[in-house]
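Enquirer: I would like the atomic coordinates for the input below:
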Amino acid sequence: MFGIPGKQAVTMTPAAINQITKLMDRNGHQGLRIGVKKGGCAGMEYTMDFADEIDPNDEVVEEDGARVMIAPMAQMFLFGTEIDYEVSLLEAGFRFRNPNVADACGCGESIKFKDVDELAAERQAT
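Expert: Numbers count the residues shown, from 1 in each chain. Purely as a prediction, here's the structure:
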């Protein structure tokens, strides 16, 4: 795990907890696995998929029945992120408030993270 002992890697708002729990109940999944991959105009994109089993290398965050698994390669980039679920007139979806993001594109789908060495130094300082 890449983080601070005793501190969850990510947090979830009540709206995110509610939506994740609904998805888990409706589809019988173990939870949602989140990660990052290369792509988009800023260089990286979040991924979110249903998980039918928990990988032993995943960081597991559980709150009020909602379960999120963080893929091993994404743990460093997602540490400190708040997951929310927002509904507007035109769209509904999960939103990530991530302190590790250095830049994002206008569409909000693509992000650029701080340098890996900078992220590691910030973790060691806390």
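Enquirer: How about residues contacting the lengthiest helix in the chain?
Expert: Ranked by number of residues, the top helix in the chain under DSSP state H is helix 14-27. Outside helix 14-27, the residues that touch it by Cβ atoms under 8 Å, 6 or more residues apart in numbering are 12, 29-32, 50, 63-68, 83-86, 94. Yep, even glycine has a C-beta here, placed from its N, CA and C like the rest.
Enquirer: Just the buried ones from those residues?
Expert: 12, 29, 31-32, 63, 66-68, 83-85, 94 (16 or more other Cβ atoms under 10 Å).
Enquirer: out of those residues, what pair is the most spread apart?
Expert: Greatest spacing in the buried ones among the contacts of helix 14-27, by Cβ to Cβ: His29 and Asp84 (20.0 Å).
Enquirer: Could I get the full set of strands for this structure?
Expert: For the chain, the strands defined by DSSP state E cover 10-12, 31-38, 44-51, 59-63, 66-70, 81-87, 92-97, 101-104, 110-113.
Enquirer: Mind putting the ones you listed into a markdown table with mean pLDDT and distance to Lys22?
Expert: Formatted as a markdown table, the strands of the chain follow (pLDDT from 0 to 100; distance: least, Cβ to Cβ, whole Å):
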| stretch | mean pLDDT | distance to Lys22 |
| --- | --- | --- |
| strand 10-12 | 94 | 13 |
| strand 31-38 | 89 | 11 |
| strand 44-51 | 86 | 13 |
| strand 59-63 | 94 | 14 |
| strand 66-70 | 95 | 9 |
| strand 81-87 | 92 | 10 |
| strand 92-97 | 89 | 12 |
| strand 101-104 | 70 | 27 |
| strand 110-113 | 58 | 26 |
